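Q: okay, sequence plus prediction incoming.
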Amino acid sequence: SPITVMITRADDFLFSGGKDSNIKKWRIATGECLQTFINHCKGILELKLSPDGYHLYSTAGDLTIKRWKLENSTCARSFNGHKGGTLKLAISNDGRTLWSAGADGSVRVWPVANTSCLQAFQPTSKQITRFIVANDDKSVFIATSKQGSVKQF
């Protein structure tokens, strides 16, 4: 059964990620499954569409972030570095930078052009439950349920 769902901006399609580690693209009007994306080893936790609409990003319990080409359902890149599941993901307005938040309490900054982590910081030792990047693409806000706090970085 799906554990995460994302609807595209045009509202024509829906993406679902499940415990079976697969992502599916559905046509909302007909319920038809159009594509299946296979490459994660554990359940999907988050899905985000790139600002240009050509790529889909996914996080999963296998500690990775995947960048998918929507035109052919292939995994274009895999970003690795979190020690716990990669729970949350944000994309810059220009689509060139990713931020990820992990169950290990770390936040990582990634260039979309390659898979090398630009920056990693450990704002908390607790699981990050909420995560947002400000519109200026510079400030990161995180929240943790265990500590009940919000921090800005």
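A: Structure's in. What do you need?

Q: could you list the low-pLDDT ranges of this structure?
A: Scanning the chain with the threshold set as pLDDT under 70 gives 1-4, 7-10, 123-126, 129, 134-153.

Q: ok, now how distant is the residue of the chain positioned farthest from its centre from Phe13?
A: The centre of the chain is farthest from one residue, Thr30, which by C-alpha atoms, centre = their mean lies 26.4 Å away. Between Thr30 and Phe13 the computed distance is 11 Å (C-beta to C-beta, to the nearest Å). Every C-beta, even on glycine, is put in place using the N, C-alpha and C of the backbone.

Q: gap between the host helix or strand of Phe131 and the chain center?
A: Using DSSP states H and E, the element containing Phe131 is strand 128-133. Its chain's average C-alpha position is 11 Å from that of strand 128-133, according to C-alpha atoms, centre = their mean, to the nearest Å.

Q: show me what it is packed up against.
A: Packing contacts for strand 128-133, counted by 3 or more C-beta pairs under 8 Å, 6 or more residues apart in numbering; DSSP states H and E, involve strand 86-91, strand 97-102, strand 140-144.

Q: now those strands as CSV including mean neighbour count and distance to Asn39?
A: As requested, these are exported to CSV (neighbours: other C-beta atoms under 10 Å; distance: least, C-beta to C-beta, whole Å):
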stretch, mean neighbour count, distance to Asn39
strand 86-91, 22, 14
strand 97-102, 24, 17
strand 140-144, 18, 27
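
Q: including distance to Ser73, could these go into CSV?
A: Supplementary listing: those in CSV, determined by distance: least, C-beta to C-beta, whole Å:
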stretch, distance to Ser73
strand 86-91, 19
strand 97-102, 20
strand 140-144, 31
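
Q: which residues does Leu49 bridge with?
A: Beta-bridge pairing of Leu49 under DSSP bridges involves Leu56.

Q: how far away is Pro51 from Ser92?
A: Pro51 is 8 Å from Ser92, by C-beta to C-beta.

Q: neighbour count winner among these two?
A: The neighbour comparison of Pro51 against Ser92 (other C-beta atoms under 10 Å) goes to Ser92, with 17 against 14.

Q: so that one touches Val133, yeah?
A: Yes: with contact defined as C-beta atoms under 8 Å, Ser92 counts as touching Val133 (7.0 Å).
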